[in-house]
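> structure for this input, please:
(2 chains)
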Number of protein chains: 2
Amino acid sequence: MLGLMQEWPLLCHKIIDHAARQHGNREIVSRSVEGPIVRTTYRELRQRALKVAQMLERDGFVLGDRVATLAWNTARHVEAWFGIMGIGAVYHTLNPRLFPDQLAWIMNHAEDKAIFVDLTFVPLLEKIAPSVKSLKKVIVLTDAAHMPETSLPGAVAYEDWLAGADGDFAWRSFDENTAAGMCYTSGTTGDPKGVLYSHRSNVLHAMMAAMPDAMGISSRDSILPVVPMFHANAWGLGQSAPMIGAKLVMPGGKMDGASIYELLDTEKVTFTAAVPTVWLMLLQHLEETGKKLPYLKKVVIGGSACPRVITKKFQENFDVEVIHAWGMTEMSPLGTLGTMKPEYAGLTGDARLDIQEKQGYSPFGVEMKVTDDENRELPWDGKTFGRLKVRGPAIARAYYGGAGTEQFDTEGWFDTGDVAHIDPNGYMQITDRAKDVIKSGGEWISSIDIENLAVGHPDVAEAAVIGVAHPRWDERPLLIVVPKAGKEPSKDDILRFMNGKIAKWWMPDDVAFVSEIPHTATGKIQKTALRERFKAYALPTA
Amino acid sequence: MLGLMQEWPLLCHKIIDHAARQHGNREIVSRSVEGPIVRTTYRELRQRALKVAQMLERDGFVLGDRVATLAWNTARHVEAWFGIMGIGAVYHTLNPRLFPDQLAWIMNHAEDKAIFVDLTFVPLLEKIAPSVKSLKKVIVLTDAAHMPETSLPGAVAYEDWLAGADGDFAWRSFDENTAAGMCYTSGTTGDPKGVLYSHRSNVLHAMMAAMPDAMGISSRDSILPVVPMFHANAWGLGQSAPMIGAKLVMPGGKMDGASIYELLDTEKVTFTAAVPTVWLMLLQHLEETGKKLPYLKKVVIGGSACPRVITKKFQENFDVEVIHAWGMTEMSPLGTLGTMKPEYAGLTGDARLDIQEKQGYSPFGVEMKVTDDENRELPWDGKTFGRLKVRGPAIARAYYGGAGTEQFDTEGWFDTGDVAHIDPNGYMQITDRAKDVIKSGGEWISSIDIENLAVGHPDVAEAAVIGVAHPRWDERPLLIVVPKAGKEPSKDDILRFMNGKIAKWWMPDDVAFVSEIPHTATGKIQKTALRERFKAYALPTA
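Down below sits the predicted model:
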C-alpha cells in the first residue's frame, strides 16, 4: 500500500524558488572578476536564472545537455547553475587548475555543448575549445564593456546574451532522478572519471549539509564558500545557502589572505569553508596584521587532512569553531564532519584537538564501514584500519561512461579508495589511500603516518613513503626524502628521530634522498611516479 | 538523462539503523506506564524493534496492514513504530481523547488488524474492540507481572510476545512511497479523515524538522516530546531525534506541571515541544515552587495559537527561547516555525513578542500561499488575509478512502481550511478557520480576533463569534458570551469595551449571553452547533 502524500519531486529549482519567496531580499555579494564588489538578492538571482534557462532553450539546448562552467564563485556562476538545471540540462564544473589537455579530454568525454566562462579563463579556453567538437556556444561571464577580443567562435558576453530574455519562463518538469550536475575527479592515476549528480541527490545533500550537526547553517548566517564551485559543488553550499536563506558571500578569483579577510570583515561572515592551504594563508595574514575575526563563528576545513595547528589557532586565538570534514566528489561531497557528539562535547584543549584531528562522523544519509581486503567488516575500535566504504542517496553508483566499475559492489557500497579507522563513537580517521598502503606480511602500514612523522625532522622539507617489493614480507616501506636547502641529513639521523614513535615493524627499511618529489596538477604527491622510479630499488633488508 | 547516484530509498528503518550505528549508546528515558523511570539506548531499541517486526511477520501481518497504537510516549511505543514500519506495515496512532464510538469508527475505517495498547487504555479498548471486526491481535505494552485481567480476546503482554523472537531479522525492502503511518484528523465537523504518511514523507519531514531554522536539534540535545505520538507524530520528533542521535525523554502518561518539571530537571532536557495548555501548567508549577529551568534552551509551541504571555514568561523569566509553530496532521505536521530571520533577529521585548505571535515561516519543503475565494493569490503584506494553501512532499494529496476531495486542487495545493495573512518577510499568522470567517458585504471578518478581544473583558469567561444571516450584508457577526460566575455584563458594557480596538465594521451587531458554549472532544469550540442554535437569530440591525 502506498502513502497518500503529495508528489513533490526533489528538484533543484525548488531551492531557488524557496529562496526567492521566503528570503527574497537576502544578499548575494560577489567579488566580481571585473573587480568591484557587486550585490544581488535571491529574488533577482532567481529572475536572472530564469532568463538563463529561457536563453538556453532558445539557443536549442535541452534536457540532458551538458553545459560546462569554467568560473570562480560569483552570483553569475550560481545563476548559471540554476538556469542550466531549470531546463533539465546538466551543469558541468571544470577545474581550471587542471592541465589544458586534461580539460579538453574531460570536455570531450562529457560532450559539453555550451560553456559559461569567466574572463580569467578565456585564454585557457582558447587553447582547449578547438579540440572540443561538441562545443556550440561560449558565454563569457561579463558585460559588453569588459568583453575581450577572443578567438573563441561566436563568444557572447553574458549580460548581452541575457538581455535577449524577458524571464517570462517556467522551470521545466522532469523526474527527480534527472541528472543535474557533473564533476570529474582528478585522480592521481588513470583518466579522470565523471560523477553525475541528480536533482534528488543535490536536494538531499543540501538538506544533509545544513543540518545542525553537519554544517549547522541558518538564515542568520553570512556564508563565504571559499571552496570553489568547481571543487565538488563548493561542498554543497551553492544549494544549501539558498535552501535556508543565508546571505552568500562569493570570493571570485581572489583567495589570498588579505582578500578573504576583507570579505570576512566587511560582509560580517559567520561561516566559511575551504581547504587547509587557504586557512594557512589567512592565519598568516592575521598574524602579520594583528587583525581579529569578531564575526566569524565557524569554519569547515576539508579537501585534505587539516593540520592540528590550524584548528588550534582558529579556536584558541580567534574563538572560531573548526569543523574538520571529509568527503569526495563521488559523495556530493560530504561524508563525515567533526562536530561534537555529547561524548566529546565537554573536551577542551589537547583532548578536543585529538578528536578534531579525526574527520568526524557521518550524518544520516551516509552509511560507512571499514573492511579488510576480503570485504569482512572491521570493528569500530579507533585503531583497526581498513578500506573505507560508503553508501547513500548522494553517493555515486557508477561513473559516467562506465569507468571504475571495480569501486562499486553489488550491495551498493562505493569503495572510497581511502583507508581509515573508526572509533567506538563513530568518528572516522583517514590513515591512507588504499593504493598507498604498504602490505607487509599480510598487515597494513600507513604511508601517511610515516610521512607525517618524517617531515617533523628539522632537516626534512618533504617526505613520501612507498612500498617496495621484498622477498619475505611482500612489501616493505621505503622513505623518500627531500632535504631542506643546505641540509644533508643522513639515513641514521632520520631513522633515529623516528625510532620509538611508530611500531618497530612500521620503520622504513631504507631512506632515499632526492632533490624533488613529483606532484599532480592539484598538488598531491604523485606516488605512481615514485613507485615507477623505485620499482627495482634494492632494499638492504632484502 | 538520469543521474548516476545510488538508489537509496528514503525508508524509516534507515533512521533507527543510523541511530543504532552512530549514536548507539544514546539514551531513551521513559516514564513507564507502570510507574518507574526506565532507560534504554538506540542500539537496544533497534534490536527490540527488529523483534517486533519479526513477531508481526510470524503472526501473519504483512506489508500494508494497519497496526494501531493506543499509547503514551514511551520507548516501547517508538519500538513498536519502527517494528511496524520495518515490515512495510502501517502504524496507526489513535487519540485516546476521542470518544469510544469515534475511535471504533476510525479503527473500522482503517481496518486495523492489530493494536499495541498501553495499560491505561485497556478499559477503553475493551469497549471498542468488540465492534472492530478486522482486529486480530491485541498486544498490551507491559510485562507479565503487570498484565491485567482483560476481556480482550487473546491479549498478550508485549514483553512475553517479544520474548518469542530472537531478533535475527532484516528489515524488508520496498518502495519509499510505501505507506508508513496513519493518523485521523479530528475535525469539528463530519467524520474523521485518515492521513496516510509514506516512508519518504516521514524521512523528509524528519530532516526538515531538524534543520537549524526549524527545530534546530542536535545530538547534544536532550529532547522531551510532551506532544504525544498520537498527536500528529509527536510533530516528527519520534523520527527526528533518532535521525540526529539526540537523547529522547518520554513522559509516558504524566503531563502535569510537576511531572514534566521533574523530567526537565533530572534528564537535563534542552528541547521540548507541546501545546500551550501543557506550558500553562508548567509555568504555574514553576511560579508556585519558585523553580528554575537551568538546562532548557528551547521550547516549540503549537497545536493552537500560543498566548503571548507564555512566550513572554519563558523568554523573560526563564531564558528559554520559544518557537511558535503551526502545522496540521495533513502536513506530517510541520508547516511554519517562528524562528528568527535576520530581519527580526535583533528585536527584543515587545517588538520580538509581536513577531512571535505569528506562526512563523515555512522551511524548504513547504510552499504556502494565501488566496481569495476565486483562488487568486493575495499579497504578502501582513494584513490581507485569505485561504491558506500549502504544497510539499510531506503534505497529504488525498485522505484515506477518498474523503474531503474538495480540499485538494489540481495544481497539488492543499487547502488548510485556515485563514491567514503573510507578512513581507514571509511570516504567516492564522487569523481564523475558513468556515468560521464572517463574510460581510464581500469582505472577510475574523471571528478569532473578535473573540480574543471579547475575552479580555473582565466579566467574560468565554466568547465565540459566528456569522448570522443579514439581508443587506449577507452575514454579520454575533458575539456569544459566557459571563464569569456571578457577573452579569450588559451588551453595551461589552461593546463599549471593544469599541475602537477593531475596525468599526467588524463590531458585532449583537451580543447573546449563554451559560455554556459547546466543545468538541479535543476542546475546540463547536461552532457548527452554535450556528445551528442561532440559525434563525434576528439581528437588531437586520
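> can you point out the buried residues in stretch A:316-336?
Of all the residues in stretch A:316-336, those buried under the rule 16 or more other CB atoms under 10 Å in any protein chain shown are A:318, A:320-336. To be clear about C-beta, it is placed using only N, CA and C from the backbone, and glycine gets the same treatment.
> among the residues you listed, which are within reach of chain B?
Among those, the residues that sit close to chain B (CB under 8 Å from any CB of the partner chain) are residue A:332.
> now, the buried residues of stretch A:316-336 that are in strands?
Judged by DSSP state E, the buried residues of stretch A:316-336 include A:321-327, A:334-336 as members of strands.
> can you confirm residue A:365 is in a helix?
No - counting by DSSP: H, G, I helix; E, B strand; the rest coil, residue A:365 falls outside a helix, being coil.
> got a list of what it touches?
When contacts are counted by CB atoms under 8 Å, 6 or more residues apart in numbering or on different chains, residue A:365 touches A:204-205, A:208, A:392-394, B:8.
> buried subset of those?
With neighbours counted by 16+ other CB under 10 Å, the contacts of residue A:365 contain buried members at A:204-205, A:208, A:392-394, B:8.
> quick revisit: including distance to residue A:515, could the ones in strands among the buried residues of stretch A:316-336 go into CSV?
Shown next, in CSV, are those (distance: CB to CB, whole Å):
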residue, distance to residue A:515
A:321, 41
A:322, 35
A:323, 38
A:324, 33
A:325, 35
A:326, 33
A:327, 35
A:334, 39
A:335, 36
A:336, 37
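> just give me the closest of the residues you listed to chain B.
Nearest to chain B out of these is residue A:336 (CB to the nearest CB; 10.2 Å).
> any idea what that closest one is bridged to?
Residue A:336 has these beta-bridge partners by DSSP bridges: residue A:326.
> residue contacts, it?
Counting by CB under 8 Å, 6+ apart, residue A:336 touches A:325-327, A:359-362, A:366, A:368, A:427-428.
> look at it and report its pLDDT.
Residue A:336 carries a pLDDT score of 98 in this model.
> quick one: it from residue A:368, how far?
Remark: distance between residue A:336 and residue A:368 (CB to CB, to the nearest Å) = 7 Å.
> and for these two, which residues touch both?
Both residue A:336 and residue A:368 are contacted by A:362, A:428, under the criterion CB under 8 Å, 6+ apart.
> the stretch 101-250 of chain A against chain B: which residues are in contact?
A:175, A:177-180, A:195-201, A:207-208, A:210-213, A:216-220, A:243-245, A:247.
> now, of the residues you listed, which are buried?
In these, burial by neighbour count holds for A:177-180, A:195-201, A:207-208, A:210-213, A:216-220, A:243-245, A:247, counting by 16+ other CB under 10 Å.
> which of those fall in helices?
A:199-201, A:207-208, A:210, A:243-244 (DSSP state H).
> pLDDT added to these, as CSV?
As requested, those are exported to CSV (pLDDT from 0 to 100):
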residue, pLDDT
A:199, 98
A:200, 98
A:201, 98
A:207, 98
A:208, 98
A:210, 98
A:243, 98
A:244, 98
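> now, which of those sits nearest residue A:154?
Using CB to CB, residue A:199 comes nearest to residue A:154 of those, at 29.8 Å.
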